[in-house]
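A.B. asks: Need coordinates for the following:
(chains A, B, C and D)
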Protein chains: 2
Amino acid sequence: MNDFMSKIEILKLVAHPARLSILEELSKGVKCVSDFQEFLEISQPNISQHLSILRHAGVIDYFIDGRLRCYFLKSPFIPDLLEIIKRDYTGQLPGPECCPTTKKGKYHGDRRK
Amino acid sequence: MNDFMSKIEILKLVAHPARLSILEELSKGVKCVSDFQEFLEISQPNISQHLSILRHAGVIDYFIDGRLRCYFLKSPFIPDLLEIIKRDYTGQLPGPECCPTTKKGKYHGDRRK
DNA sequence: TAAAATCATTCATATATTTGAATATTACTA
DNA sequence: TAGTAATATTCAAATATATGAATGATTTTA
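C.D. replies: Just a heads-up that it's a prediction; the model follows:
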């Protein structure tokens, strides 16, 4: 089940400010819908919509506590993803690998200016 | 400047089958456009479009070698992202953390069925 | 049982993304 | 210099996504 496609679907869903915030909160623990209302500046129906999207993708799930729906993280992929999103990459050098692999090029060294 | 947003932008771009393939190839080394044509089943203009999108987002860049454009990975975030996408998560347990944090709930233990 | 609290669903519209088709650009080569 | 190889750009149509508005469903409380 480690298919790339499901990971791509998850990436698509996480790449949204509201849903990323939701997942970050859930990575700290269980939360109900009205908890999210405290820090998300969107309407309750919209929050429910995002939760529904995440749930149908298998990223989160919930259990009932009285009249609350307590949501929690379900996909083990999410904590790792959140970790690298928060990681600081400033100062790390970009650039092509030292050994180029173009099939057609005559390139045999780093000719960049 | 908050690079949270730029990470979200990158996630959005990576969450596409063609662009993910392109980035995976680039993680192995420098590639020119016609190299991509060998394994991507989309048109050359479409490949160029995806490359352009990735380049404008600062994810990749290129240098010129004769009449080839040699593309390479620029964002240091990408290798880490590719690594967790390829990682196998099967068998890992989902579930809420042991310590719930709903503010409104009376919940004080794991009541799930 | 009526009211309130909590959350979900539906629908319509606005916006963004994706792709194919056609064409342009640039640098080599004969 | 004309031709060709390699790649980019533009545009339009199709598709997908996001959001607000209105309303529904359930459970608890008074």
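
A.B. asks: And the residue of chain A found nearest DNA strand D, how close does it get to residue A:33?
C.D. replies: For chain A, the residue closest to DNA strand D is residue A:45, as judged by Cβ to the nearest atom of the strand, at 3.5 Å. The C-beta positions use only the backbone N, C-alpha and C, and glycine is treated the same way. Distance, residue A:45 to residue A:33, by Cβ to Cβ, to the nearest Å: 10 Å.

A.B. asks: quick one on the thing from earlier: and the next helix or strand past the helix or strand hosting the residue of chain A closest to DNA strand D?
C.D. replies: In the assignment (DSSP states H and E), residue A:45 maps to helix A:44-56. Using DSSP H and E, the helix or strand that directly follows helix A:44-56 along the chain is strand A:60-65.

A.B. asks: What strands line up against the next helix or strand after that following strand, and which way round?
C.D. replies: For strand A:60-65, the succeeding helix or strand toward the C-terminus, using DSSP H and E, is strand A:68-73. In the sheet, strand A:68-73 lines up against strand A:31-32 (antiparallel), strand A:60-65 (antiparallel) (DSSP bridges).

A.B. asks: and the lowest-mean-pLDDT helix or strand in chain A with chain B, contact?
C.D. replies: Lowest by mean pLDDT, DSSP states H and E among the helices and strands of chain A is helix A:4-14, with a mean of 91. Yes: using Cβ under 8 Å from any Cβ of the partner chain, helix A:4-14 reaches chain B at A:4-5, A:7-9, A:11-12, A:14.

A.B. asks: so what's residue A:80 up against?
C.D. replies: For residue A:80, the contacting residues are B:84, B:87, by Cβ atoms under 8 Å, 6 or more residues apart in numbering or on different chains.

A.B. asks: Could you report the distance from residue A:38 to chain B?
C.D. replies: 8 Å (Cβ to the nearest Cβ, to the nearest Å).

A.B. asks: Next, the contact list for that residue, please.
C.D. replies: Applying Cβ under 8 Å, 6+ apart, the residues near residue A:38 are residue B:103.

A.B. asks: Most tightly packed of the strands paired with strand A:68-73?
C.D. replies: strand A:31-32 (a mean of 25; mean count of other Cβ atoms under 10 Å in any protein chain shown).

A.B. asks: Is DNA strand C within reach of that one?
C.D. replies: Yes: applying Cβ under 7 Å from any atom of the strand, one finds strand A:31-32 in contact with DNA strand C at residue A:32.
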